[in-house]
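Q: Task: produce atomic coordinates for the following.
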Amino acid sequence: MKISAVGITTPICSSCKRPVPPTEKAVKFTCPNCGMVTIWRCYRCRKLSVPYKCVNCGFEGP
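A: From the prediction side, this is the model:
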């Protein structure tokens, strides 16, 4: 999911569901299980190992 305002699209963290600002040290990767979904992780969720879940296959990761 992404939020769009005036042509700028902001990704949403897959763990905490907050917008990920462009200046944040976030990461994006495809699901390690199915490879179909792009998963975004904000800096805070990465550091705290907050779990994420793939919306396509249900894979859960740290």
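
Q: Pull out the buried residues from the helix or strand containing Thr9.
A: Thr9 belongs to strand 8-11 when elements are defined using DSSP states H and E. Along strand 8-11, the positions that meet the burial threshold by neighbour count (16 or more other C-beta atoms under 10 Å) are Pro11. Heads up, the C-betas are built off the backbone N, CA and C, glycines and all.

Q: Looking at it now, give me its mean pLDDT.
A: The predicted model gives strand 8-11 an average pLDDT of 86.

Q: The helix or strand following that strand - which strands sit beside it in the sheet, and in what orientation?
A: In the C-terminal direction, the helix or strand that comes right after strand 8-11 (DSSP H and E) is strand 27-30. As defined by DSSP bridges, the strand partners of strand 27-30 come to strand 38-41 (antiparallel).

Q: So the residue most central in space within the chain versus Ala26, what's the distance?
A: Averaging the C-alpha coordinates of the chain gives a centre point, and the residue nearest to it by C-alpha atoms, centre = their mean is Trp40 (1.9 Å). Distance of Trp40 to Ala26, computed by C-beta to C-beta, to the nearest Å: 6 Å.
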